[in-house]
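Novice: What follows is a protein structure lacking sequence information:
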């Protein structure tokens with residue numbers, strides 16, 4: 001698990017390095033939220049809805065691309081229980097880098113967005129009351145989402161859907177949260 005944390009820190013450092021430091025006038029938008037998670041692929045079989053949380057930073061690319069584009073570095077964590085009732089569940093932690101497009105940024109109060117990119121997903125199976133050990137594996141995958149960013153003065157309300165998947169399993173989540181633009 002220490003390798004995963006080191007990769008996450010390296011990823012965030014690279015993102016900030018390529019887009020400029022917030023101290024150099026670059027706008028940075030931290031975000032956080034959570035909601036309901038549903039398993040997909042193999043994880044979608046015989047599982048109940050679970051929960052997930054997400055957070056990270058969104059960095060507008062005003063000087064590189066159109067005003068509406070941004071780079072997003074994020075982390076999400078989901079826990080999805082299996083339906084048979086033995087307390088076993090799958091945890092999926094994902095570190096992602098995505099390119100976002102915000103329709104109507106910066107002029108509109110309600111801004112629809114779409115995003116997509118790559119992810120490193122760590123799956124950890126907890127057997128609960130069943131015999132066996134916890135197992136963990138890491139997989140490269142994809143991440144993406146869509147939703148609405150609603151501007152409310154110093155904070156923005158964010159509602160949307162988040163998807164992350166590896167080679168055979170992942171989750172889709174429906175979330176609410178907030179963003180705090182550091183303008």
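Specialist: Sure, I can see it. This structure is a prediction, so every number in the text was calculated from the model and none was measured.
Novice: May I have the phi/psi pair for the residue most central in space within the chain?
Specialist: In the chain, the C-alpha closest to the average C-alpha coordinate belongs to residue 76, at a distance of 4.4 Å (Cα atoms, centre = their mean). The phi and psi values for residue 76, taken as degrees, to the nearest 10, are phi -130, psi 150.
Novice: Would you confirm that it contacts residue 91?
Specialist: No. With contact defined as Cβ atoms under 8 Å, residue 76 does not count as touching residue 91 (11.0 Å). Every residue, glycine included, has its C-beta placed from N, CA and C.
Novice: can you list residues touching both of the two?
Specialist: The contact sets of residue 76 and residue 91 do not overlap (Cβ atoms under 8 Å, 6 or more residues apart in numbering).
Novice: so the residue located most distally from the centre of the chain, which of the three states?
Specialist: The centre of the chain is farthest from one residue, residue 131, which by Cα atoms, centre = their mean lies 31.8 Å away. Counting by DSSP: H, G, I helix; E, B strand; the rest coil, the backbone at residue 131 sits in coil.
Novice: Please report the distance of it from residue 90.
Specialist: 17 Å (Cβ to Cβ, to the nearest Å).
Novice: Same question for residue 30.
Specialist: 28 Å.
Novice: neighbour-wise, which of those two wins?
Specialist: Neighbour count, other Cβ atoms under 10 Å: between residue 30 and residue 90, residue 90 has more, with 20 against 13.
Novice: Which strand residues bridge that one?
Specialist: Assessed by DSSP bridges, residue 90 has beta-bridge partners residue 80, residue 125.
Novice: hang on, it packs against residue 43?
Specialist: Yes. Residue 90 lies in contact with residue 43 (Cβ under 8 Å); the separation is 5.7 Å.
Novice: Which neighbours do those two have in common?
Specialist: Shared contacts of residue 90 and residue 43 (Cβ under 8 Å, 6+ apart): 80, 169.
Novice: re earlier: which residue comes closest to the residue nearest to the centre of the chain once chain neighbours are left out?
Specialist: residue 54 (4.0 Å; Cβ to Cβ, 6 or more residues apart in numbering).
Novice: Contact partners for the one you found?
Specialist: Contacts for residue 54 (Cβ under 8 Å, 6+ apart) come out as 31-34, 74-77, 162, 173, 175, 177.
Novice: Quick one: mark the members of these that sit in helices.
Specialist: Nothing among the contacts of residue 54 maps onto helices, per DSSP state H.
Novice: Can you check the pLDDT for residue 52?
Specialist: Residue 52 is assigned a pLDDT of 96 by the prediction.
Novice: pretty sure it contacts residue 164?
Specialist: No. Counting by Cβ under 8 Å, residue 52 stays clear of residue 164, with 9.3 Å between them.
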